[in-house]
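A.B. asks: Pasting a predicted model and its sequence here:
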Protein chains: 4
Amino acid sequence: MKIRTAQDYLQSLKKLNHVVYYKGKRIKDVTRHPATAPHVRAAAMTYALVNDPKTKDLATATSHLTGKTISRFTHVHQNVEDLIKKVKLLRVLGQKTGTCFQRCVGLDGINAVYSVAYEIDQKYKTDYLERFKKWLIYIQEENLMVVGAMTDPKGDRSKGPAEQPDPDQYLHVVERREDGLVIKGAKLHMTGGINSHEILVMPTTAMDAKSKDYAVICAVPANAPGVTMIFGRQASDDRRDKKERIDSGKPTFGAVGGEAVIAFENVFVPWDRVFMNGEAEFTGVLVYRFAAHHRANYGACKTGLIDVLTGAVAYLTQIQGTGKASHVRDKITEMIHLSETLYSSSIACSAEGQPTPSGAYLVDTMLANVCKQNVTRFHFEVARLATDLAGGFLATLPSEYDLKSEEVGHLVRKYFSGVADIPTEDRIKIGRLIEAMTGGTALVESMHGAGSPQAQKIMYMRAGNWEQKKKMAKKLAKISEKG
Amino acid sequence: MKIRTAQDYLQSLKKLNHVVYYKGKRIKDVTRHPATAPHVRAAAMTYALVNDPKTKDLATATSHLTGKTISRFTHVHQNVEDLIKKVKLLRVLGQKTGTCFQRCVGLDGINAVYSVAYEIDQKYKTDYLERFKKWLIYIQEENLMVVGAMTDPKGDRSKGPAEQPDPDQYLHVVERREDGLVIKGAKLHMTGGINSHEILVMPTTAMDAKSKDYAVICAVPANAPGVTMIFGRQASDDRRDKKERIDSGKPTFGAVGGEAVIAFENVFVPWDRVFMNGEAEFTGVLVYRFAAHHRANYGACKTGLIDVLTGAVAYLTQIQGTGKASHVRDKITEMIHLSETLYSSSIACSAEGQPTPSGAYLVDTMLANVCKQNVTRFHFEVARLATDLAGGFLATLPSEYDLKSEEVGHLVRKYFSGVADIPTEDRIKIGRLIEAMTGGTALVESMHGAGSPQAQKIMYMRAGNWEQKKKMAKKLAKISEKG
Amino acid sequence: MKIRTAQDYLQSLKKLNHVVYYKGKRIKDVTRHPATAPHVRAAAMTYALVNDPKTKDLATATSHLTGKTISRFTHVHQNVEDLIKKVKLLRVLGQKTGTCFQRCVGLDGINAVYSVAYEIDQKYKTDYLERFKKWLIYIQEENLMVVGAMTDPKGDRSKGPAEQPDPDQYLHVVERREDGLVIKGAKLHMTGGINSHEILVMPTTAMDAKSKDYAVICAVPANAPGVTMIFGRQASDDRRDKKERIDSGKPTFGAVGGEAVIAFENVFVPWDRVFMNGEAEFTGVLVYRFAAHHRANYGACKTGLIDVLTGAVAYLTQIQGTGKASHVRDKITEMIHLSETLYSSSIACSAEGQPTPSGAYLVDTMLANVCKQNVTRFHFEVARLATDLAGGFLATLPSEYDLKSEEVGHLVRKYFSGVADIPTEDRIKIGRLIEAMTGGTALVESMHGAGSPQAQKIMYMRAGNWEQKKKMAKKLAKISEKG
Amino acid sequence: MKIRTAQDYLQSLKKLNHVVYYKGKRIKDVTRHPATAPHVRAAAMTYALVNDPKTKDLATATSHLTGKTISRFTHVHQNVEDLIKKVKLLRVLGQKTGTCFQRCVGLDGINAVYSVAYEIDQKYKTDYLERFKKWLIYIQEENLMVVGAMTDPKGDRSKGPAEQPDPDQYLHVVERREDGLVIKGAKLHMTGGINSHEILVMPTTAMDAKSKDYAVICAVPANAPGVTMIFGRQASDDRRDKKERIDSGKPTFGAVGGEAVIAFENVFVPWDRVFMNGEAEFTGVLVYRFAAHHRANYGACKTGLIDVLTGAVAYLTQIQGTGKASHVRDKITEMIHLSETLYSSSIACSAEGQPTPSGAYLVDTMLANVCKQNVTRFHFEVARLATDLAGGFLATLPSEYDLKSEEVGHLVRKYFSGVADIPTEDRIKIGRLIEAMTGGTALVESMHGAGSPQAQKIMYMRAGNWEQKKKMAKKLAKISEKG
C-alpha cells in the first residue's frame, strides 16, 4: 500500500491534475476547494482506519493475488467473513464521517468485473481476467481509489442504447484501434468521481447483440486526456464558503458522496485496460452482481449515518428539556428500529453469500435488494422523525453571521438557548448537523444510489420464485398439481 | 382597501423602515433583497388575487363591521361559507406560488383574538373587543398584512413560563404605565414577519395565575421602536444571490414563508392596542382556537403546493420518457391521493364549523387537528415519491454556471437532455423546482408550522370522547353500565 | 311509511317468502335463523332510529316527489345538507350496531339511477324517469328496503362481458317480450340481499355498444320467481348457533352486512320496472355515480364502527391495568386520528356536493374516492392497533362452554381476570367484541365493499387534472407553455 | 431418538393421557379430535423432516452432551451455523405446514435455561446445570416435544407478581418439601401445550428479591397430577367439524399453533426437575435470552407462511385473470419484499450470534428484537395485500354444503368460476386458504407471540447505545465532550 495514510491520499490527489469543473470554473486542488474538500476528507477516512488498531482488522484484507495486506476496498471477497467484515467496516465509516465515504463503488465494481471476466474467458477463451488481475494488483499495491462508473445519461428512457437519437447517451466504443479502444459518452452521478485515481467503466444495463459497441468494460485513469468532470450542486452547498463552519452542519465531512458528471470525449484505452469488448450477453450478469454488492452496502453505511443522526436527536432533545417525554423516547426507538432493520439485511445477505465460479464471493441477491429497497423508504422516515423531534428551529435558525454579529448576536444567543449551562452554540451546531443530514441531497442519494426503488421490484419479479410458491400453496389447499 | 394591488403592497413595505437583519447585516429593502424578495412576492399574490375576476369572490369578503369589501385575509368568518371560501382561496394561492404566502397567520390571529376578547369582556366587563374592532377596522381599511405572533423561544422546555431561569424566554409585560404596557421577549419562526405591517402578539400556551405577566395580547407596528427582526436561513438560500435564477428552483417565490425572529426589547404598547392584560385563564382557549384555525389551513395551502409538485413530476417523467410506466403512474396517483386526503380535512372542518359566542365562526377542532397531523406525515411521503420519480439528477445536477459555461456547457446540455425536442434547460428547471419543493426547510415547515405532531395527539386525548366511546362498546358487548 | 318500526320490518320479512339458502338448506325465516338474524337486526335499526326523537331529523327526509316525511334511506338528495345529514346518520348507525346496517346500498342505487334515467330521457325521449319515480314513490310510501345490485361474477377478469365463454358471468337480457324483459345472471356480495324487499339491478361496469344486452337497469321484488339467494359464510359464523352468545362477540348484530349471492334464472321484469334497456353509453356514468355515493358512505359508517372499537380497546386496557401507559394512550389516539381522517372525506365530499342535471345531488367524486381508498388502508391499521392493545388472549380465549363448565370454569374465571372488582366475564365479552370487529370478514368488507383499491386509483388517473397540474408547475419553473 | 417418525409421535400422544378440555368437554385423543388434530399434524412435521434426506441436515444436530444425532428441536446451539440452520429449518416447516409447528418454544426454553443454569451455578455453587443436562439428555434420547411455558395470567397489569390481590396470577411455589417443590398458577397462550410431552416452566418477567417464590424454573410432565389444560378458541374453528374440509381453508394443518391454558393446581416437582429456586436476580437474563431466541424465530417461520400466502395469491390472481395487471404484480412483489425483510433479521441475528459463558450460542439480541417488531407490523400488511388481490369473495363465499347442494350447487359452481378450464372448486379452495391465513387468530399470534410490540421497544431503549450515539454526533458537530 503505497498510499498508507489519509495525508498520503491527499497528496496523491494534489498531483493528479485531472479536469474538474464546478460552478463554471476549473478546480485546481480538490483537497482544498471548499466544495470538494469535505468529500475528500470523508474518503480519506478509508485510508486512516487502516492505521487505527481498533479498525485495522476490518479495514484491511489479505490479497488472494499477492498474499499481501491490502485495503479492504481493493479486495476480492474470498468468503462470508470477508463480506461481513466489509459490512462492519462500512458502518464504522458511516459513524465516523456521517456521510458517504465513496470508496465502496469501486470495490463493488472490482468484485463484479472480476467474476464476469472469468466467465467471459471461460466462454470465449479471452484473457480478460489476466488483464484485470494485473490492473488490480497495481491498484492494491498503490492503494488507489477507484470510482465504479456505471450510470449513463440514458436520454429518452423509453428507448434503449442503440435507439437513442444521440448515440452518446450511452457510453460506447467509437473506434477500435490496434493498440486499444476509443470511447465516447458520459457517466452521471459519479460518487467520489472527483477524488478517485482510476475510473472503472462498466455498462449500465443488460444489453443485447444490437448494442455490442455499448458493451465495454475498461479502466481509465482519472487524468486521461479527454476526461472532463463536472461536480454537482448539493443542497446548501454555498454554506461551505470557508472551511469548517457551523452553518454547513457537518463542517469536516460533506452531506453526500460528492457526485460528478464524468464525460469521455474520445478517450483512448489501451487493450490491457479493456475487460469486456462487445460480449453483450454478459452485461446483464455484470450489472446484476454490481447492483447486488452495492445494494448490500447501503444497509451498512446508512446505518452508521442513522446512528449519528439518532445520537444527534437524543442529545438535542436532552438539551432542549424534552428528552424524557414518552413520545420523544418512542420516536428515537423507532429510529433505532428502522436503522437496525436496514443493518439486518446487510448482514443477512453477506451471511448467505455464495462463491461465483471465479471464486469471488457474491452476496445473496434477494436480501441485498431488500436492503436497498428499505433504504429508499426508511431514510425518509428517519429524517421525518428527526425533524419532528428537533423542532422548528431547523427551518428558521439565523445564520452564523448573525450569531456572531455585534448588533444581533446577543438576541440569537439568548433566544436559541436550551437548558441551563449548555452553550447556545452547541444547540445550534447540533441543529445544523441534523438539518444537513435530513435535507434534500442526502435523501435523494438514499433513494437513487445503487438503483432506484423500481429496480429492486423488478428483481423481486424475476427472483422471487413465484412458481415454487404457487406449488406450496396448492399443496396445502389440496389442489392437484395439474391445476 | 388602501393597498389595492401587489405593487401597492411592495411600495408600502419600502416605506416601512423596520429593522431586519440577515447574515449579520441590516436589510434596507425587503422587497428587493434576494433573501427576502421571493417571500414578499408570494405574499403580494394575496393582494393580486383581489383584482383577478376569477378569484375576486374568494379573495374578498364583506366586513361585518363596516359592510365594505375587504380582503378575506382581514375578515372575521361569519359562517360556514366563509370558512370554505377561505380554504379554496388558500389552495389557489398554493397553486399560484408553490409556497407559503404567509398571510393566513394574521387572519387566524384576528379570528382567535376577536372571539376571546368578546368572552373576556363578558366576564370582566372590559372593553377589549371594542379596542380590537377599532384596530381591525384600521387593518381592513388599509388592507394591512398582519403577522400572528405566537411562538416563544421557551428555553428549557421542561419548565413553564414562570419557571425559566431567564424570564424573557416567554414574552411578558415588564412595566405597566398609565398610557400602556412595555413588553419584552421574542417570537420565533415568524412566518411573513419581515414583510408584515403589524404584529399581533399572543401568548403561546395555556397559562395559569402564576403567569399573569405572560398573558398578554396586543398589536405592535412592525416598525415600533425596540422591535428587531432576524431573518432565518433556509436550505440552499445562497442560490438566490441574484433574482430569478434556475438553481433557486422557484425563482419568483421562495420555498417557505420566510421565517424570522422578532425580538421585543422593551417595546411600548398603548392601551388601545392591548386586547388581553393578565386574564391568564383565557390563554388556553385563545391558543386552542388559533391552533384550530391554523391547522385547518394546512390542508388547503399544502394541497396547492402538492398540486404543483405533482404536476412537476408528471411533466418531468413525461420529458424523461418514463411517464407511461405503470409504477410511475401509480406513484403519481398516490401523490394525488395523499394530497386530496389533506384537502378533505380542511373542507370538512370548515363544513362542520360552528359559531363562537362572539358570532365568529370556528372550524371543527377535531377535524382541524386531523388535517395538520396528516400534513406532518404526508408531505414527507409526497416528497419521497417525487424524489423517486424525478431521479438521481436532483442530487447531482451541475450548477447554472456550468450550464452556461463555454468550457463545459455543451456537456451539461448534452448529457442532461431527455426526450427529443424538449430543451435540456426545461428539464433542469423542472428538476430544480422539485428539488426546492422537497428539500429540508419546506418539510420542516410542514412538520412544525401550526404545531408539532404531538400537539395534535394531545388534542385527541382531550377531545376524543373516550368515555362516550367506551359506553358504546359496553352496550354492544352487553356489559352493564356499572362495569 | 307503512313500515314504521323495527318490528314492522321484521314482520314484513317474515311474509316475504323469498328463496334463501345457507349451508345447503333453505332458510325459512331470516329474522330468526341464527345466521341471518343479527344482520336483520342491524338493518332494523335504520327503521328504529326514525322513532327516536334524538335521531329523527337525521333518519328522515321530506320527499321531493310527494312532500311526505320518508326514511332518508329512500330519499333523493336535494342539497348539501341532505348529503351531510346522511353522513351523520350513517355514523350514528355504525356506533349503535358496530356493523354494516346494509341499507345505504339501495339508497345509493336510487340516487344514481334517478339522475341517469333523467339523462337518458333527455337524449332518447324515453320515459325512464317517470317509471322510476312511480316505483320510488311506492318504495317511499311502503318504506321498503332495497338492495342495490351491481357486482357481477365476472368470470375471467381479463375479458369483458361480451367476451366471456359463459355469457351469464354478467347479468343480461335473454329475451325481450311485449310486456317486459327476461334477465339471467347473478349478483355477488349482495349486502343486505337476504333481508331486502326489492332488488335494484344495475350494470357493473362501463360498457360499449357490443354489450347492449348487458346494459340493463330494473327493479325486481326479492320474491320474484327465478330469484335464488345463497347466504355466504363469515369468519367464526358457527358461533352464532344460538342467539346472543358471548363467543359471537357482537351478540345482537353481525360482524358485516351479511352478503349473499342473488341468482336470476330467467326472471321476468315488466316494462314499468325497467329503467335502462340497452343504452350502454350511460352505464359508465351510472357506475361512476353509484360508486361515488357508496364510497362516500364508508368514511361515515366505518367511523362509527371504529368509535366502538376504540371504546372497546380503551375500556379493555383500563380493566387490564394498562390504560395509563403512554404507548397505550398513544395508540388509542392513533385509532382516533385514523378514524377522523376517514370521516373528514365523507364530510368533505358531501360539503362539496353538486347537483346533477336531474337536480339530485352528487358528492364530490374525487374526495369520495379518497374516502374509500383510505378505508382500505386504515381499517387494517386500526385492527392492528386494537389487536396490539387488547393482548394475546384474543387468540387463546377458552370457549363460553369452558367459562360455564363445572370442571374448568373456575380456572377460566380466575386466570382471565383483570383488575379487581371487574367480572372476568366482562373482560371476556369485550375481548370477544374486539375479536369479532378485527377478524377476517370485517376487514375484507372494508377492502372490497364499494370497490377495490385499484378502482379508486383508476379514478385518480382520470379525474386528477394532470394536465392542469403540469401547467402550474411549468409556470412556476418559468417553462414556456409550448414545452 | 425413540420417537423417530410422525406416526411415532402421534402414538406417543395417544398414550399420554393428559387432561385437556375444549368447549367444556375433555378431549380423549388430541391426535383425532377435529379441534386439535390439525395442530398435532403440524407438530408432527418436525418429526417427519428428520426422515427426509432433503431436510435431514437441517432437522437434526449432534448432541454436545452425548455426541448422538438428535432432533434440532432438542439441541443446545453450539455455533453460528447451528443458529442459521435452525432458521432455515423453521422456514421450510412454515412452507410445508403454512402454520405454527409449535416446537421452537421448547427449544428456546432449553437454550435459555441451559445458559442461565450455568450462571446460577457459577454464583451459588448449585448443581442446576447438572440436573438440567440429565433432563435434557432424556428429552434428546426420547425425542420428546417440550412446551416452553412462560406467560403468566398477570391479573392487574399495573401490579407486579407480589402485589396481586390473587397471588396465583403469577405461578409460584406454594410449598417446599424435602423431595421437591409444589407449584400453583397457570401459563396462558401455551403454543403446542396440548401436544407436548413435557412442560418447561419459566418465570415470565424480571423479578426482584420480593418475588423469590415466583422465581422458579422446573420441568413438569404434561400428564403430571394437577395439570389441567384448556384449549382456546380460534377464528372459524367450528369449520373443522370433520377432517380435511374445504371451508377450513387449511384442511391438514391449523391456522395457528393451537394455544391452551395450562393450569397447575398444586403440582409436585421433584428436585431433579428444578432448575431455579428463588434466585430472582437471574429471572431477567432468562427472560431476555428466551425472548431473543424466540423473537429470532418469527422471521423464519412467518416467512415460510408468507411464502405460502404469496403463492396462493399469485395462483388465485392467475386463475381469476388478473395476474398480469401491473398493480397485482406490484403488490405481490411487495409481499415478497416484506417477507424477505423479516427473513433478513432472522438470518442476521443468527450470523451475529455469540456464545454465552456456558458455551450455548445466543443470537444478537438487538437484531432478534428487530425481527419480531417487524413481524407485528408486516404480517398485517401482508394480509392486507393478500385480501386486496384475492377479492371480495373471501368474505362472501357460500359454504361447502352449498357447493355440494343439489338445489344450489350449480349456481355456486357457475358463478364462482374463474378462467376457463380451472375447476371452480380449486378457486374456492385457494380462496379459503387465503381466508384462513389472513383472518383473526393468525394475526393476533403474529402480534403477541414472543412478546408484544412494546416489549421490543423497551429493549431498544435499554440496548440501543444511546450514549455512544450521542458521542458520535457531538464529535461530528464539533461539540466538546463536556457538553
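C.D. replies: Right, received. Where do you want to start?

A.B. asks: Would you tell me which residues of the stretch 201-350 of chain A are close to chain C?
C.D. replies: Residues of the stretch 201-350 of chain A lying close to chain C (Cβ under 8 Å from any Cβ of the partner chain) are A:326-327, A:330. Placement of C-beta: from N, CA and C, glycine included.

A.B. asks: excluding its backbone neighbours, what's nearest the most centrally placed residue in chain A?
C.D. replies: The centre of chain A sits closest to A:Q102, judged by Cα atoms, centre = their mean, with a distance of 4.9 Å. Counting by Cβ to Cβ, 6 or more residues apart in numbering or on different chains, A:Q102 lies nearest to A:G192, which is 3.0 Å off, once chain neighbours are set aside.

A.B. asks: Can you verify my assumption that the one you found contacts A:I262?
C.D. replies: No - if you go by Cβ atoms under 8 Å, A:G192 and A:I262 don't touch, sitting 10.7 Å apart.

A.B. asks: Which members of the residues of the stretch 201-350 of chain A next to chain C come out as buried by neighbour count?
C.D. replies: Among these, the ones that count as buried by 16 or more other Cβ atoms under 10 Å in any protein chain shown are A:327, A:330.

A.B. asks: Which of the residues of the stretch 201-350 of chain A next to chain C sits closest to A:G67?
C.D. replies: Nearest to A:G67, judged by Cβ to Cβ, of these is A:D330 at 51.7 Å.

A.B. asks: Let me see the contact set for the closest one.
C.D. replies: Listed by Cβ atoms under 8 Å, 6 or more residues apart in numbering or on different chains, the contact partners of A:D330 are C:326-327, C:330, D:457.

A.B. asks: mind running it again at 7 Å?
C.D. replies: Contacts for A:D330 were tallied using Cβ atoms under 7 Å, 6 or more residues apart in numbering or on different chains; they are C:327, C:330, D:457.

A.B. asks: that older thread, next, the residue nearest to the centre of chain A: secondary structure please.
C.D. replies: Secondary structure, DSSP: H, G, I helix; E, B strand; the rest coil: A:Q102 is coil.

A.B. asks: And the next helix or strand past the longest helix that chain A contains?
C.D. replies: If you go by DSSP state H, chain A has its longest helix at helix A:283-320. Scanning forward in sequence from helix A:283-320 by DSSP states H and E, the next helix or strand is helix A:326-351.

A.B. asks: what's the angle from that next one to helix C:326-351?
C.D. replies: 100 degrees (axes from the mean of the first three to the mean of the last three Cα atoms, to 10 degrees).

A.B. asks: and the angle from helix A:326-351 to helix A:283-320?
C.D. replies: 150 degrees.

A.B. asks: Show the average pLDDT along helix A:326-351.
C.D. replies: For helix A:326-351, mean pLDDT is 97.

A.B. asks: Which residue is it, in the stretch 301-450 of chain A, that comes closest to chain D?
C.D. replies: Nearest residue of the stretch 301-450 of chain A to chain D (Cβ to the nearest Cβ) works out as A:G311 at 3.0 Å.

A.B. asks: related to what we said a few turns ago, out of the contacts of A:D330, which comes closest to C:L200?
C.D. replies: Each of the contacts of A:D330 was scored against C:L200 by Cβ to Cβ, and C:D330 proved nearest at 44.9 Å.

A.B. asks: Name the nearest residue to the closest residue to chain C within chain A, ignoring sequence neighbours.
C.D. replies: Nearest to chain C in chain A, going by Cβ to the nearest Cβ, is A:S326, at a distance of 3.5 Å. Using Cβ to Cβ, 6+ apart and skipping the chain neighbours, the partner closest in space to A:S326 is C:S326 (3.5 Å).

A.B. asks: and what of A:G254?
C.D. replies: Using Cβ to Cβ, 6+ apart, the nearest residue to A:G254 is A:P38, at 3.7 Å.

A.B. asks: Next: A:W271.
C.D. replies: Leaving aside its sequence neighbours, A:W271 sits nearest to A:G180 (Cβ to Cβ, 6+ apart; 5.1 Å).

A.B. asks: count of neighbours near the one you found?
C.D. replies: Counted with other Cβ atoms under 10 Å in any protein chain shown, the neighbours of A:G180 add up to 17.

A.B. asks: ok, now A:A455?
C.D. replies: Neighbours around A:A455, by other Cβ under 10 Å: 17.

A.B. asks: Same question for A:E130.
C.D. replies: The burial count for A:E130: 12, using other Cβ under 10 Å.

A.B. asks: For it, give its distance to A:D237.
C.D. replies: 43 Å (Cβ to Cβ, to the nearest Å).

A.B. asks: before we move on, back to that, tell me which residues touch the residue of the stretch 301-450 of chain A closest to chain D, please.
C.D. replies: D:469-473.

A.B. asks: run the last query once more with 8 Å
C.D. replies: A:G311 neighbours (Cβ under 8 Å, 6+ apart): D:466, D:468-474.

A.B. asks: now chain A, which segments are flagged as low pLDDT?
C.D. replies: A:242-244, A:482-483 (pLDDT under 70).

A.B. asks: contacting residues for A:H75?
C.D. replies: So A:H75 contacts A:61, A:63, A:82, A:107, A:140 (Cβ under 8 Å, 6+ apart).
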